[in-house]
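Enquirer: everything below, folded, please.
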Amino acid sequence: MPRYFGVTPPTFLFGVATATFAVAIVLAVLAHWVAALVLAAVVLFEIALFGSVARRKPDTVVARASVSAVRRARERAVWLVEATGVRTEAGRKLTPLRHELLELAGQRERLLRDLGAAVYESDDEAAKRLSEDIRRGDEDAKQKEEQMRAIAESAQERLHEGRVRVQPTVIRRPGDKE
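Expert: Numbering: from 1, shown residues only. This next block holds a predicted model:
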């Protein structure tokens, strides 16, 4: 085990942080709030120092496990922020398209009523024009739905990629079951 002069072993820092935390709890129970808060701040500093030293020189199982847990927590926090951003962006893109689809549906209902009236009055020219308007509206609606589907698929793909990045690696042998 290499020894570095001037660098405190991470396990010792962890022990000091644990002891400081215990003293802070005792002081809080005894209603010495100022001292407890000061020691709590010292504990946060000691934990940060422990993490820094343990990342560079993980000498024990506790140090390695701590570094691994902090790294995983950071990766998951980054993924959570990224997933929230992806969902927000997709929602921002989908909302106007949904609004346009609702407008097209309302316009289609109006055109269908007008078409029924034109057919009832035997106005072939108006019926033909209204049928063409309905067809164009249906094509517009299909395009909007396709855009919405593409946005949703893109968001799902980005979420899946992010989820895969934070999942732990699993080693499977050829004979293992899934």
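
Enquirer: quick one, what contacts the closest residue to residue 100 other than its chain neighbours?
Expert: Sequence neighbours aside, residue 144 is the residue nearest to residue 100 in space, at 5.7 Å (criterion: Cβ to Cβ, 6 or more residues apart in numbering). Using the backbone N, CA and C atoms, a C-beta is placed for each residue, glycine as well. Neighbour list for residue 144: 97, 100-101, 104 [criterion: Cβ atoms under 8 Å, 6 or more residues apart in numbering].

Enquirer: please convert those to CSV, extending it with distance to residue 132.
Expert: Formatted as CSV, these follow (distance: Cβ to Cβ, whole Å):
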residue, distance to residue 132
97, 24
100, 20
101, 20
104, 15
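
Enquirer: by neighbour count, which of these wins?
Expert: When the contacts of residue 144 are compared by neighbour count (other Cβ atoms under 10 Å), residue 104 ends up highest, at 18 neighbours.

Enquirer: residue 129 versus the residue nearest to residue 100, what's the distance?
Expert: Taking Cβ to Cβ, to the nearest Å as the criterion, residue 144 is separated from residue 129 by 23 Å.

Enquirer: from what I see, residue 63 and residue 14 are in contact.
Expert: Yes: with contact defined as Cβ atoms under 8 Å, residue 63 reaches residue 14; the gap is 7.3 Å.

Enquirer: what is in contact with those two at once?
Expert: Common contacts of residue 63 and residue 14, defined by Cβ under 8 Å, 6+ apart, comprise 50, 54.

Enquirer: and the residue of the chain most remote from its centre, which of the three is it?
Expert: Relative to the centre of the chain, the most outlying C-alpha is that of residue 122, 57.9 Å out, by Cα atoms, centre = their mean. Reducing the assignment to helix, strand or coil with DSSP: H, G, I helix; E, B strand; the rest coil, the entry for residue 122 is coil.
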